[in-house]
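Asker: Pasting a predicted model and its sequence here:
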Amino acid sequence: YANHGEVKLRISARADSQEIAQQLIIPVETQLREIAGLDCYGADDETLASVVGRLLQHHQETLSVAESCTGGGLGQMLTEIPGSSEYFLGGVIAYDNGVKVSVLGVNSDDLDQQGAVSAIVAQQMALGVKTLLKTTWGLSITGIAGPGGGTATKPVGLVYIGLASPNGQVESLECRFGQTRGRDWIRRVSASTALDLLRRRLME
């Protein structure tokens, strides 16, 4: 089942008891995990947010987020997990460029030259919220969710995700989600992609 940027695989077996059916499923699940590698984040009731939370707890690390186009959607996904206050400290919804500058410390010249939807701004947002809230990791999202606001060079669906890591490294990921599935889909997939980027770094 494919939806919101994820593919869910359902394994079923028929047997005389649930225990026997489960034993039949285990080798198939093991094989699928080997094929998928890091692309497989969990099973059963696990979500990207719950897996990221477990990894942060395992490393005894904390997270803060800075959001623009997702408007708090990333923070909502994180706080849906019971006990998330142990590792998620909070976030900043920097929808206006003035907030990006005054609160997150984004360079105004970079905003003027590169635009709010750019790799450099995503990186500065991530580093800014990490510094502001004194967390181990900083994660940011800036993009064009539509339906308007797109240009030839920066179309609707263009999203940049920024990640500031404990060792001082700051990176960004460019995503082009397109505009055919609408604003809500872009926002949801942007938040999920940001969580997945952090999950992969936590597993390195």
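Answerer: Good, I have the coordinates. Residues are numbered from 1 along each chain as shown.

Asker: you'd agree Leu32 is up against Lys8?
Answerer: No: counting by Cβ atoms under 8 Å, Leu32 stays clear of Lys8, with 11.5 Å between them. (C-beta placed from N, C-alpha, C; glycine too.)

Asker: neighbour count winner among these two?
Answerer: Under the criterion of other Cβ atoms under 10 Å, the comparison of Leu32 against Lys8 puts Leu32 first, with 13 against 8.

Asker: Check which helix or strand the more buried one maps to.
Answerer: Per DSSP states H and E: Leu32 is located in helix 18-36.

Asker: Now do that helix, average pLDDT.
Answerer: Averaging pLDDT along helix 18-36 yields 95.

Asker: Export it to PDB, keeping only CA atoms.
Answerer: Output in PDB follows, covering the C-alpha atoms of helix 18-36 (Å, rounded to 0.1, in the frame of the first residue of the first chain):
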ATOM      1  CA  GLN A  18      -1.900 -17.600  15.400                       C
ATOM      2  CA  GLU A  19       1.400 -18.800  16.800                       C
ATOM      3  CA  ILE A  20       2.000 -21.100  13.800                       C
ATOM      4  CA  ALA A  21       1.000 -18.400  11.400                       C
ATOM      5  CA  GLN A  22       3.400 -16.000  13.100                       C
ATOM      6  CA  GLN A  23       6.200 -18.500  12.700                       C
ATOM      7  CA  LEU A  24       5.400 -18.700   9.000                       C
ATOM      8  CA  ILE A  25       5.600 -14.900   8.700                       C
ATOM      9  CA  ILE A  26       8.900 -14.400  10.400                       C
ATOM     10  CA  PRO A  27      11.300 -15.700   7.600                       C
ATOM     11  CA  VAL A  28       9.400 -13.600   5.000                       C
ATOM     12  CA  GLU A  29       9.700 -10.500   7.200                       C
ATOM     13  CA  THR A  30      13.400 -11.200   7.700                       C
ATOM     14  CA  GLN A  31      13.900 -11.500   4.000                       C
ATOM     15  CA  LEU A  32      12.000  -8.300   3.200                       C
ATOM     16  CA  ARG A  33      14.100  -6.400   5.800                       C
ATOM     17  CA  GLU A  34      17.300  -7.600   4.200                       C
ATOM     18  CA  ILE A  35      16.100  -6.500   0.800                       C
ATOM     19  CA  ALA A  36      14.900  -3.100   2.000                       C
END
